[in-house]
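Asker: For reference, the sequence and a predicted model appear below.
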Amino acid sequence: MPHADPEQRRSYARELYKRKMLEPAWREKKRLQWRSVQRSQKSKKAQRLQAKLWRLNNPERFLEIQRKAHGIYLTAAEYRKMLLDQQGLCAICGNPERRKRNGKITRLQVDHNHSTGKVRGLLCSACNTALGLLGESVERICGMIEYLRQYEPASIWGSEPEHGVPVRCE
């Protein structure tokens, strides 16, 4: 406020109130602004609804587009073939996907080399997240295995793991 004196401030506030709230032109301007905001919100809602309907009607095409946006060039048919080859199980842990979204179990995630874009396999969300957090570094993964071996009984680390290839870190 431009005035230091409290009385002048109150007087200024009263004048401002009269000018803004009581002038019909100002009220009409605000009403029209609010209407345009409402209209744009309605059109955004309609666009979102239309996009959602398309995604629901074209789930495989939507996933192809999503993968391409992330640099993964894999068609729905190639995904289904990989899923059958892996018997619907994660390529690392050998378990089915457990993560749910909106009450439904999610699909296995496509694992790929981020520098080349080459697809490696399908992973559950837990293994995919772990691999990403480890930076896809074999040294880090082996370091973690060696760390865990120090604190676990030898019987747990038998000659062959339950799923996948035997782990040999040197």
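Answerer: Cool, got the structure.
Asker: C-alpha from now on. contacts and neighbour counts both.
Answerer: OK.
Asker: so what's Ala76 closest to, chain neighbours aside?
Answerer: Glu60 (5.9 Å; CA to CA, 6 or more residues apart in numbering).
Asker: Helix or strand for that neighbour, just tell me which one.
Answerer: Using DSSP states H and E, Glu60 falls within helix 59-69.
Asker: hmm, who's touching that helix?
Answerer: 55, 73-76 (CA atoms under 8 Å, 6 or more residues apart in numbering).
Asker: Tabulate those residues (TSV), appending pLDDT, distance to Ala91 and secondary structure.
Answerer: TSV is the format used below for the contacts of helix 59-69 (pLDDT from 0 to 100; distance: CA to CA, whole Å; DSSP: H, G, I helix; E, B strand; the rest coil):
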residue	pLDDT	distance to Ala91	secondary structure
Arg55	83	28	helix
Tyr73	74	19	coil
Leu74	75	17	coil
Thr75	78	19	coil
Ala76	79	18	helix
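Asker: Among these, list the two that are farthest apart in space.
Answerer: Spanning the widest gap among those are Arg55 and Tyr73, at 18.9 Å by CA to CA.
Asker: Please provide the alpha-carbon coordinates for the helix holding Glu60, formatted as CSV.
Answerer: What follows is helix 59-69 as a C-alpha-only set of coordinates in CSV (Å, rounded to 0.1, in the frame of the first residue of the first chain):
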residue,chain,number,x,y,z
PRO,A,59,-4.4,-50.9,-25.5
GLU,A,60,-1.8,-52.6,-27.6
ARG,A,61,-1.3,-49.6,-30.0
PHE,A,62,-1.1,-47.3,-27.0
LEU,A,63,1.7,-49.5,-25.4
GLU,A,64,3.6,-49.5,-28.8
ILE,A,65,3.5,-45.7,-28.9
GLN,A,66,4.6,-45.5,-25.2
ARG,A,67,7.6,-47.8,-25.8
LYS,A,68,8.6,-45.9,-28.9
ALA,A,69,8.6,-42.7,-26.9
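Asker: With just CA atoms, put the helix or strand Thr129 falls within into CSV.
Answerer: Per DSSP H and E, Thr129 falls inside helix 125-133. As requested, the backbone C-alpha atoms of helix 125-133 are provided in CSV (Å, rounded to 0.1, in the frame of the first residue of the first chain):
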residue,chain,number,x,y,z
SER,A,125,8.6,-54.0,-11.7
ALA,A,126,10.8,-54.9,-8.6
CYS,A,127,13.7,-56.3,-10.7
ASN,A,128,13.4,-53.5,-13.2
THR,A,129,13.5,-50.9,-10.5
ALA,A,130,16.4,-52.6,-8.7
LEU,A,131,18.4,-52.9,-12.0
GLY,A,132,17.8,-49.2,-12.7
LEU,A,133,18.8,-48.1,-9.2
